[in-house]
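A.B. asks: Can you look at this prediction? I've put the sequence above it.
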Amino acid sequence: MLHCDLHDYLEIACMYNYRVELVFKTGATVEGKAMDVKLNDGRKECISILVADALMLIVVTDLVSMQARDENPHFSLVNFV
């Protein structure tokens, strides 16, 4: 589970549908439009992002960072570890 302040950045990204780049603990990355924060079927907290017209659910505890690709007054880079 994420700290509340980190969770707020996920909510902000989704509220404004910012384009973000997510970096996984494995080193893999994915870029897309943040859409929603929700639970997957396993009841793990996820961020839903739109990538090439397909929604992906990404478990937030698998993430190292989230970088905003849209300029905004809220955040540019958020580190989850």
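C.D. replies: Cool, the structure landed.

A.B. asks: So which residues make contact with the host helix or strand of V37?
C.D. replies: Here V37, judged by DSSP states H and E, is contained in strand 29-39. Residues outside strand 29-39 that contact it (C-beta atoms under 8 Å, 6 or more residues apart in numbering) are 7, 10-11, 13-14, 16-24, 45-52, 55-58, 60, 69. Quick note: C-beta positions are derived from backbone N, CA and C, even for glycine.

A.B. asks: Just the ones of those in strands?
C.D. replies: 19-24, 45-51, 55-58 (DSSP state E).

A.B. asks: Which of these are buried? Put it as a PyMOL command.
C.D. replies: Here is the PyMOL selection string for the buried members of the ones in strands among the contacts of strand 29-39, based on 16 or more other C-beta atoms under 10 Å:
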select buried, resi 20+22+23+45+46+47+48+49+57+58
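
A.B. asks: got the contact list for the nearest residue to K33 once chain neighbours are set aside?
C.D. replies: The shortest distance from K33 to any non-neighbouring residue, by C-beta to C-beta, 6 or more residues apart in numbering, is to L50 (4.3 Å). Taking C-beta under 8 Å, 6+ apart as the criterion, L50 is in contact with G32, K33, M35, M56.

A.B. asks: Thanks a lot, catch you later.
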